[in-house]
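In: Provided below are the primary sequence and the corresponding predicted coordinates.
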Amino acid sequence: MSGSHIKALSGIVVCAPCSLLADSTRHSASPTNIFEPASTPAQSIFGLSVFVLMTVAAIFIVVFSLLAYSVAKFRDRHDDDCSEPPQIYGSNQVELAWTVIPVLIVVGLFLATAHVIASIQNVTRSIEVVVIGHQFWWEYRYPDFKIVTANELHVPVSDPARPTPTFLTLLSADTDHSFWVPRLAGKTDLIPNHPNLLWIDPHEAGLFLGQCAQYCGTQHAKMLLRVYVQRREEFDRWVREQRQSAYATTSASSTSNGQRVFESTACVNCHTVSGTSANGRFGPDLTHLMSRDTIAAGAAPNTPENLRLWIRNPSAIKPGSKMPAMGLSDQDVNALAAFLETLR
């Protein structure tokens, strides 16, 4: 579910799926287990799945039992005569039974499914997030808080007694994507020029992992999802920190040189850093880059080594990434990384 291994330079190899799973084992034995729903939509879908499974299992048992009985009772015997058994031409009772019973089963499944769909679609909005799928990363916009971040979605935990659902508007900037966090909600597609809607109300705090579930290009497998469900006070603190300016001019030569490199290259055309001239929208907003646990849409931990590797040669971590290799010298790479490391 979570992708393939990341090839790195100088003998460095990072296993993205392993690091993601290890990071989240403290929250759940399996962070993508559909049989451990932690949100109302996921619970509704799980309940419907169990109902359908039990229904088809009952049908299977009845049909298999009748078939086994017929095979055993009417099997060929050596002492059987060759005369043809009595023939029965039509039975109103049997024909009525095999017509009415399947219709009742289909109607029951239809009503159960319609009930779940209606309950999932009807929700009172509490917190709104605009999710924009890009090749190959996620953009999150919180209109009420005027926050823009990338790849790591933060939402508050919802008390079942007083639900506070997070309402997601799903958009695509290029091609089809699909937002799927198995323990929180069902898979919902992001289609260009066709907004889709989704909501979650997690009942427990923790890290929940997901995946773009619609093939969208070369790096589809490494377009990973990380949803941080926080207690309300922690979420409010995260909102306050994200609304603050992460950038402050410093006299450190490495940082000032790094800012010069950042603003004099194509970085400013794709990325935004508040307080600088960078106002690009093609790549993730980097204003609070170092507050994130991962880079490259969850493909690698956000460490100084990986950050430098990502700047120097993005294809070493994510082959086919839209981020180009800038061809910077080692000195410029180190200066640029030092500047980015101040963005917290």
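Out: Alright, I've got the coordinates. Numbering: from 1, shown residues only.
In: tell me the contacts of the closest residue to Gly280 other than its chain neighbours?
Out: Closest residue in space to Gly280, ignoring its immediate chain neighbours: Cys270 at 4.2 Å, by C-beta to C-beta, 6 or more residues apart in numbering. All C-beta atoms are positioned from the backbone trio N, CA, C, and that covers glycine. Contacts of Cys270 were listed using C-beta atoms under 8 Å, 6 or more residues apart in numbering, and they are 280-283, 323.
In: I'd like the average pLDDT over the longest helix that the chain contains.
Out: Assignment by DSSP state H gives helix 40-73 as the longest helix of the chain. What helix 40-73 shows for mean pLDDT is 93.
In: tell me the angle of the very next helix or strand once past it relative to helix 40-73?
Out: Going down the chain from helix 40-73, the next helix or strand is helix 92-121, by DSSP states H and E. Calculated by axes from the mean of the first three to the mean of the last three C-alpha atoms, to 10 degrees, helix 92-121 forms an angle of 160 degrees with helix 40-73.
In: Toward the C-terminus from helix 92-121, list the very next helix or strand.
Out: Following helix 92-121 in sequence, per DSSP H and E, is strand 127-134.
In: tell me the mean pLDDT for that next one?
Out: Mean predicted lDDT for strand 127-134 stands at 94.
In: what's the neighbour count on Pro41?
Out: Neighbourhood size, Pro41 [other C-beta atoms under 10 Å]: 22.
In: Just the buried residues of the longest helix of the chain, please?
Out: Counting neighbours by 16 or more other C-beta atoms under 10 Å, one finds that the buried residues in helix 40-73 are 40-46, 48.
In: one step back: tabulate the contacts of Cys270 (a markdown table), appending distance to Cys216.
Out: Converted to a markdown table, the contacts of Cys270 look like this (distance: C-beta to C-beta, whole Å):
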| residue | distance to Cys216 |
| --- | --- |
| Gly280 | 21 |
| Arg281 | 19 |
| Phe282 | 16 |
| Gly283 | 16 |
| Met323 | 16 |
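In: and which of the buried residues of helix 40-73 is nearest Pro165?
Out: Thr40 (7.6 Å; C-beta to C-beta).
In: Test my guess that the closest one contacts Pro202.
Out: No: with contact defined as C-beta atoms under 8 Å, Thr40 does not count as touching Pro202 (9.1 Å).
In: and stretch 33-46, how far apart are its ends?
Out: One end of stretch 33-46 sits 11 Å from the other (C-alpha to C-alpha, to the nearest Å).
In: now what about it, what contacts it?
Out: 28-30, 116, 119-120, 158, 160, 163, 165, 182-186, 198-204, 206, 208, 229.
In: Tell me where the stretch 51-200 of the chain is predicted with low confidence.
Out: The stretch 51-200 of the chain contains residues with pLDDT under 70 at 80-81.
In: Tabulate the buried residues of helix 40-73 in JSON lines, adding columns for distance to Tyr140.
Out: Putting the buried residues of helix 40-73 into JSON lines (distance: C-beta to C-beta, whole Å) gives the following:
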{"residue": "Thr40", "distance to Tyr140": "21"}
{"residue": "Pro41", "distance to Tyr140": "19"}
{"residue": "Ala42", "distance to Tyr140": "20"}
{"residue": "Gln43", "distance to Tyr140": "24"}
{"residue": "Ser44", "distance to Tyr140": "24"}
{"residue": "Ile45", "distance to Tyr140": "23"}
{"residue": "Phe46", "distance to Tyr140": "26"}
{"residue": "Leu48", "distance to Tyr140": "29"}
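In: Looking at the contacts of stretch 33-46, which are in strands?
Out: If you go by DSSP state E, these have 198-200, 206, 208, 229 in strands.
In: Now compare the residues you listed and name the two farthest from each other.
Out: Across these (C-beta to C-beta), the longest gap, 19.3 Å, separates Leu198 and Gly206.
In: So which of those two has more stuff around it?
Out: The neighbour count for Leu198 versus Gly206, taken as other C-beta under 10 Å, is higher for Leu198 (25 against 17).
In: Which strand residues bridge the more buried one?
Out: Leu168 (DSSP bridges).
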